[in-house]
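1. Structure of the sequence below:
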Amino acid sequence: MIGDKLNSALKSILSGKDTSLDLKNIKYLPRWVVYLIDISLVAVSTLLTILIVIDLTPSYYTLLSFYDKTFLILAVHIFYFYIFKTYAGIIRYSSNIDALKLQLATFSSFLTLTIINYIVYFVIDEKIFLIGGLFINLCISFSLLFLFRLGVKQIYEYFKLVSREEKVLRAVILGADENAISIAGALDIEIPRRFKIVGFLTNEKHNKSIRLLDKPVINYSSEIHKAVKSVDADAIVLSENNFTAGEKFNFVEDCLENNIQVFNAPIVSTWGEDQQPIANKVKSLQIEDLLEREPIRLNPENKEKQLTGKTILVTGGAGSIGSEIVRQVAKYKPKKLIILDQAETPLHSLSLEINAKFPNLNCKFIICDVGNHRRLELMFQNQDINVIYHAAAYKHVPLMEENPHEAAFVNIMGTKNLADLALKYQVSRFVMVSTDKAVNPTNVMGASKRAAEMYVQSLYHSKVQEDTNTTKFITTRFGNVLGSNGSVVPLFKKQIERGGPVTITHPDIIRYFMTIPEACQLVLEAGTMGNGGEIYIFDMGEPVKIMDLAIKMIKLAGYEPNKNIKIKITGLRPGEKLYEELLNEESRTLPTHHKKIMIGQEVVKDHEFVSERIEKIIKSANSLNADKMVRKLKILIPEFKSNNSSFESLDKKEKIASE
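-> You can find the predicted model right below:
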């Protein structure tokens, strides 16, 4: 490869077509070329040694001629170059290991030549070499070999820097430990190069003259951007993982406010051998990384008791929440894991993933609509189900506002079907995943989820007096999850990738957020602690203003809001409200053993009343009469007041009272 490129370049120069040699396009030196160069350098060092020895002493050993001595020295070095494979590495990536190999090869050659020298001396009472000469040769040969590699590496770095095809960011590494040094080293040799590392930041007090990898170590205070700007850097790479969520949020906020790009790096020691290179893992900081929450710590013992060796059903198993519940449940080695969803392609993709990650797990993937009672009952008859995690639901507010009967079929009737069958077939626990939109609902989707909550609560309280071993119905209620299908974060990411605009329905809209794994951990935990009939509410942290979320995401992507990426206000969608609630005004909360999980005390209505009203709602939905169905839904849930919707007219008291 190198020969072809050099020949081509020489032909161009000789023909007059080109007068330049593009060194930065030469990829690497073949091993045989490196081998020959190393041998030549040893020959040069031998010549220099002879000249030095001749100059230093009037007498030297004449048993062998200069040519014979040179041949012997080269032969020994060739042997040890081959043994230690000093020629095998790519020169521009030479490291401490390569320097060690050179040192071992040259020292072994020195040691071998010394041994040969004394063997000859003991046999014929004459020496071949001056020991001082061999030592001089060792020093010169190692120096030349090392400087050759260092020179190639520096020339390569120079051509990388002057290349106009690469946009290199001047960056600092946050941290000054082994992890930070490894990341800096990986980024220095990355191709194509994205960063020029110009320093390390640390909050530990130190001598100002300390340097790592010939780069300064800078102490930073609370205003981290000042330390970054002090070395004329435009970006910061986070390599430490010992900050609290609040600390991380504060200094990232400080960087973004001062137009400093922020990147996230891995903890190198946690990787396996099959992982991709370190540099490939250094990526732009994601908005999920800025969720201002401390990590959840849960005791796995309760979940092991409930899940290990049991048959578990997860409905909506191919969705964002359902699939994560599947992944977490699979780790507890259930007897059988049944995953049900009506979406064929996502379910197929999940089956490939689960079968690959958990090859010994007994999994069954079922295509089924939870509104199909006969199909569900067949499944219950054939499977001895112990625990149900019910995550199947339609969740998009505008779509359910336009198709309200579908919300009734899936969210209400589907939940009723599963709850009735769970009771009939003596399932131990039924854990329902609900939403904060069920509280004081302003849309059909939220109201349908509230109706489902009311049904499972009333069903439990109606049966618990008859049978103490009845199914324990547990509801979990939380807000938006970052990164779920169709949620605002993936939407913003796609809009930013397309160059904008980023669309926001209202400048003052706020939402609660948590990550998908965090939400699912709490669902499993709540499922273990429930005694039946409870609605568990999760601590969602501080609400997030969607406008602030959009601005941060644009800045994290390296753009300036309303300059590079426009933000467009589109107006509230049908059924959407400015803020969500986890409790209505009449409800209170009780603490649990986990500080992030509370019990919401809701008024439980009579089961016969709830069941009768739900039957009327489903009947109206079957007739595809949207107004009639929503009117029935408002009777069951008096606090359901439509907002920015065609159903607002139904809220007039005289219309509802006439029903």
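2. In this protein, which helix is the longest?
-> Counting residues, the longest helix found in the chain (DSSP state H) is helix 131-162.
3. Need the CA coordinates for the helix or strand just after that one. CSV is fine.
-> Using DSSP states H and E, the next helix or strand after helix 131-162 towards the C-terminus is strand 169-174. Provided in CSV are the C-alpha atoms of strand 169-174 (Å, rounded to 0.1, in the frame of the first residue of the first chain):
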residue,chain,number,x,y,z
LEU,A,169,-12.8,21.3,19.0
ARG,A,170,-10.4,22.5,21.7
ALA,A,171,-11.6,20.7,24.8
VAL,A,172,-10.7,20.0,28.4
ILE,A,173,-11.3,16.8,30.3
LEU,A,174,-13.2,17.1,33.6
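4. Which residues does strand 169-174 contact?
-> Strand 169-174 is contacted from outside by 180, 183-184, 187, 194-201, 218, 224, 227-228, 231-240, 261, 263, 265, using C-beta atoms under 8 Å, 6 or more residues apart in numbering. For the C-beta atoms, the positions are set from N, CA and C on the backbone; glycine is no exception.
5. and stretch 635-642, which residues are buried?
-> Residues of stretch 635-642 classed as buried: 636, 637, 640, 641, 642 (neighbour count, 16 or more other C-beta atoms under 10 Å).
6. Equivalent analysis for stretch 323-332, please.
-> Quick answer for stretch 323-332 (16+ other C-beta under 10 Å): 323, 324, 325, 326, 327, 328, 329, 330, 332.
7. Kindly report the same for stretch 220-231.
-> Buried residues in stretch 220-231 (16+ other C-beta under 10 Å): 220, 224, 225, 227, 228, 231.
8. for those, which one is nearest residue 503?
-> residue 225 (30.0 Å; C-beta to C-beta).
9. How much space separates that closest one from residue 236?
-> Counting by C-beta to C-beta, to the nearest Å, the separation of residue 225 from residue 236 is 9 Å.
10. and residue 514, which of the three is it?
-> strand (DSSP: H, G, I helix; E, B strand; the rest coil).
11. What is the burial count for it?
-> 23 (other C-beta atoms under 10 Å).
12. so it sits right up against residue 487, yeah?
-> No - if you go by C-beta atoms under 8 Å, residue 514 and residue 487 don't touch, sitting 11.5 Å apart.
13. quick one on the thing from earlier: any common contacting residues for residue 225 and residue 236?
-> The contact lists of residue 225 and residue 236 share 255, 260, where a contact means C-beta under 8 Å, 6+ apart.
14. Spell out, range by range, the strands that occur in the stretch 551-659 of the chain.
-> Along the stretch 551-659 of the chain, counting by DSSP state E, counting those that start in this stretch, strands occupy 567-569, 588-591, 597-601.
15. Among the contacts of strand 169-174, which ones are in helices?
-> 180, 183, 184, 187, 224, 227, 228.
16. Could you give the number of residues near the first one?
-> So that's residue 180. Neighbours of residue 180 using other C-beta under 10 Å come to 26.
17. Same question for the fourth one.
-> Other residues within reach of residue 187, judged by other C-beta under 10 Å, total 22.
18. how much space between residue 315 and residue 480?
-> 20 Å.
19. repeat for residue 647
-> Counting by C-beta to C-beta, the gap from residue 647 to residue 480 is 23 Å.
20. between those two, who's got more neighbours?
-> residue 647 (25 against 21).
21. Return the residues in contact with that one.
-> 401, 404, 444, 627, 630.
22. burial count for the closest residue to residue 63 other than its chain neighbours?
-> Nearest residue to residue 63, sequence neighbours excluded (C-beta to C-beta, 6 or more residues apart in numbering): residue 126, at 4.9 Å. Counted by other C-beta under 10 Å, the residues lying close to residue 126 total 12.
23. Assign residue 126 to helix, strand or coil.
-> Following three-state DSSP, the label given to residue 126 is coil.
24. Report the distance from stretch 319-334 to the chain centre.
-> Centroid separation between stretch 319-334 and its chain, computed with C-alpha atoms, centre = their mean, to the nearest Å, is 18 Å.
25. So for the residue lying closest to residue 355 once chain neighbours are set aside, what's the pLDDT?
-> Using C-beta to C-beta, 6+ apart and skipping the chain neighbours, the partner closest in space to residue 355 is residue 363 (6.7 Å). In this model, residue 363 is scored at 95, pLDDT.
26. Which residues are in contact with residue 363?
-> Neighbours of residue 363 in contact, by C-beta under 8 Å, 6+ apart: 330, 336, 337, 338, 339, 351, 354, 355.
27. between the residues you listed, which is nearest residue 167?
-> residue 354 (40.8 Å).
28. is the residue lying closest to that closest one once chain neighbours are set aside in a bridge, and if so with what?
-> Spatial nearest neighbour of residue 354, excluding adjacent residues (C-beta to C-beta, 6+ apart): residue 363 at 5.7 Å. Residue 363 has these beta-bridge partners by DSSP bridges: residue 337.
29. Please report how far residue 363 lies from residue 429.
-> In terms of C-beta to C-beta, residue 363 sits 20 Å off from residue 429.
30. again, but for residue 100
-> 60 Å.
31. Looking only at neighbour counts, state which of the two leads.
-> Set side by side, residue 100 and residue 429 show more neighbours around residue 429, with 20 against 11, by other C-beta under 10 Å.
32. Dihedrals phi and psi, the nearest residue to residue 546 once chain neighbours are set aside?
-> Leaving out its chain neighbours, the residue that sits closest to residue 546 by C-beta to C-beta, 6+ apart is residue 509, at 4.9 Å. When read as degrees, to the nearest 10, the backbone of residue 509 gives phi -70, psi 140.
33. For residue 509, give me its contacts.
-> 545, 546, 547, 572, 576, 578, 579.
34. Cross those residues against helices and list the overlap.
-> Among the contacts of residue 509, the members found in helices (DSSP H) are 546, 547.
35. Please list only the buried members of the contacts of residue 509.
-> Buried, going by 16+ other C-beta under 10 Å: 545, 546, 547, 572, 576, out of the contacts of residue 509.
36. can I get these in CSV with pLDDT?
-> Formatted as CSV, these follow (pLDDT from 0 to 100):
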residue, pLDDT
545, 85
546, 87
547, 89
572, 84
576, 80
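37. which of those residues lies closest to residue 389?
-> Nearest to residue 389 among those, with distances taken as C-beta to C-beta, is residue 576, at 27.8 Å.
38. wait, isn't the closest one in contact with residue 644?
-> Yes - using C-beta under 8 Å, residue 576 is in contact with residue 644, at 6.4 Å.
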